[in-house]
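Trainee: Pasting a predicted model and its sequence here:
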Amino acid sequence: MTATTTSQPTVAILSTYPPTQCGLATFSRALQAGLEQEGVTASIARIVSTEEGAARAVPEVAQWPVVVTHTAGSDCARLLAALNSHDVVLVQHEFGIFAGADGDEILRILDAVERPVVTVLHTVLTAPTMHQRFIMQRLITRSRALITMTQTGRRNLIKHYDVHPDRVEVIPHGAADVSRTDPQLLTHDSSTVLTWGLLSEGKGIEWGIEALALVQDQYPNLRYLVAGQTHPKVRLAEGERYRFALMHRARSLGVWDRVHLIDDYLDGEALARIIRSAAIVLLPYDSKDQVTSGVLTEAVVAGKPIIATRFPHAIELLASGAGILVDQKDPAGVAEAISRLMDDPALARSMALQTHAIGEEFLWSTVSRRYAQLLAMATSPKVRSPLARAAESLSVLTSASALSQRQATIMEATKR
């Protein structure tokens, strides 16, 4: 396939993808489907870990929308052939999905990509190591455009890295429409506090359990539902240590019968049903640096009252009154927030109405349309800025030697 000259470019999304169980894979599946709805031919160049590639016996023939599957750290010839057959490459970047130190395999891949590159930065570190900073700067240089999902992420990128503001676009994390209805009133008869997502230490579920123990006598029907498997990489390294610790804490606090841990990877309609059934969404994360949360976006789109710790994305979305912000590792603060919502249905309804109102911009239909527009601009020579052209020239100069070595490797591999 050769590069198209139509107004809608063909797009290769370089990312993890289901059946891989991670937020990035779920994000890329939804984005690919959304781009197709916008008339953009979007395919997946799927990245899998060495362990996953061996365990799943990845087939040679990929099934649409996956056009190639690359095991991290392996030869890149087939991957590069697939990427270069499209008009633009959309990189989903997290440090943990590519091979090498801090995932520096991505640099080897991009050195040999011959198409314009747009990079989505799912994590923007404000205090990177020297090697992480090197990777980020190379990504910045190599990319015609950069996308962060929050204004906080954009500010951090501009403040801590060498990048011109004009090259950084904010496009929010998308979320599915879970058939939002008029926000429900909370009652003391049946109430569910919900947290969902892949489990790992740092999610702060223990603080939600302790908060439930503090209000259990006041609200005898209140329950805490935690939906999600342990993150596959955490399970590989630690087993179910965190889940077992949560179970032990619930028993020791006397709320075991009111804490429900669903050990399953939920998405689609199954997740939508659980979200619709919740009275309150709780995001008790320990991190003070998380600039993007897909769960938070989904909760906003669902039009739910939200309690969240003060991480950057929550502050950005909820500070206007669409949620209640509490300190990290503060079960008493979480308990107080739950009581406010349970005792004041008008407040709960007001918060739900506010999240409902701002949710439209986070729907995948809206988000995908913005991606389609940016990708079309990224492949148009008419709109390329001098700065973008200079960045590409610098990339060529700094990577020419590495590129020739990679090409030689690919040619040798092709002969085998």
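Mentor: Nice, I can see it. The model shown is predicted, which means the values in this text are computed figures rather than measured ones.

Trainee: Run through the helices of the stretch 101-250 of the chain in chain order.
Mentor: Under the criterion DSSP state H, counting those that start in this stretch, the stretch 101-250 of the chain contains helices at 105-111, 130-142, 151-160, 205-215, 232-238, 241-252.

Trainee: worst average pLDDT in those?
Mentor: If you rank the helices of the stretch 101-250 of the chain by mean pLDDT, helix 232-238 sits at the bottom with a mean of 90.

Trainee: ok so, going back, same list, the helices of the stretch 101-250 of the chain, but as TSV with distance to Gln8 please.
Mentor: Every residue, glycine included, has its C-beta placed from N, CA and C. TSV is the format used below for the helices of the stretch 101-250 of the chain (distance: least, Cβ to Cβ, whole Å):
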stretch	distance to Gln8
helix 105-111	23
helix 130-142	23
helix 151-160	26
helix 205-215	43
helix 232-238	35
helix 241-252	44
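
Trainee: who wins for proximity to Val295 among these?
Mentor: Between Val295 and the helices of the stretch 101-250 of the chain, the tightest spacing by Cβ to Cβ is seen for helix 205-215, at 12.5 Å.

Trainee: Gly34 falls within a strand, correct?
Mentor: No - assessed by DSSP: H, G, I helix; E, B strand; the rest coil, Gly34 does not belong to a strand; its assignment is helix.

Trainee: ok now do it, which residues does it touch?
Mentor: Gly34 sits next to 174, 364-365, 367-369, 371 when contact means Cβ atoms under 8 Å, 6 or more residues apart in numbering.

Trainee: go on, Leu214?
Mentor: For Leu214, the contact set (Cβ under 8 Å, 6+ apart) comprises 331-332, 335.

Trainee: Could you do Leu375 as well?
Mentor: Residues near Leu375 by Cβ under 8 Å, 6+ apart: 9, 11, 35, 40, 88, 90, 118.

Trainee: Wasn't it part of a strand?
Mentor: No - Leu375 is assigned helix when assessed by three-state DSSP, not a strand.

Trainee: quick one on the thing from earlier: any chance of JSON lines for the contacts of Gly34, columns pLDDT?
Mentor: Listed next are these as JSON lines, based on pLDDT from 0 to 100:
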{"residue": "Gly174", "pLDDT": "96"}
{"residue": "Trp364", "pLDDT": "96"}
{"residue": "Ser365", "pLDDT": "95"}
{"residue": "Val367", "pLDDT": "98"}
{"residue": "Ser368", "pLDDT": "98"}
{"residue": "Arg369", "pLDDT": "97"}
{"residue": "Tyr371", "pLDDT": "98"}
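
Trainee: got the residue ranges for the strands in the stretch 301-416 of the chain?
Mentor: For the stretch 301-416 of the chain, the strands defined by DSSP state E, counting those that start in this stretch cover 306-309, 323-326.

Trainee: quick one: strands adjacent to the first one?
Mentor: Strand partners for strand 306-309, identified by DSSP bridges, are recorded as strand 280-283 (parallel), strand 323-326 (parallel).

Trainee: what does the first one contact?
Mentor: Around strand 280-283, the neighbours that count as contacts under Cβ under 8 Å, 6+ apart are 186, 191-195, 208, 224, 275, 293, 295-296, 299, 302, 304-309, 311, 314, 334, 338, 341, 348.

Trainee: Same check on the last one?
Mentor: Strand 323-326 is contacted by residues 284, 305-310, 314-315, 317-319, 333-334, 336-337, 340-341, 351, 355 when judged by Cβ under 8 Å, 6+ apart.

Trainee: filter the residues you listed to the buried ones?
Mentor: The neighbour-count test (16 or more other Cβ atoms under 10 Å) applied to the contacts of strand 323-326 identifies 284, 305-309, 314-315, 317-318, 333-334, 336-337, 341, 351, 355 as buried.

Trainee: picking up where we left off before, Ala77: which of the strands paired with strand 306-309 is closest?
Mentor: strand 280-283 (42.5 Å).

Trainee: can you list the weak-confidence ranges in the stretch 1-150 of the chain?
Mentor: Across the stretch 1-150 of the chain, the ranges flagged by pLDDT under 70 are 1-7, 53-61.

Trainee: Now with 80, please.
Mentor: Across the stretch 1-150 of the chain, the ranges flagged by pLDDT under 80 are 1-7, 51-62.

Trainee: What subset of the contacts of Gly34 is buried?
Mentor: With burial judged by 16+ other Cβ under 10 Å, the buried subset of the contacts of Gly34 is 174, 364, 367-369, 371.
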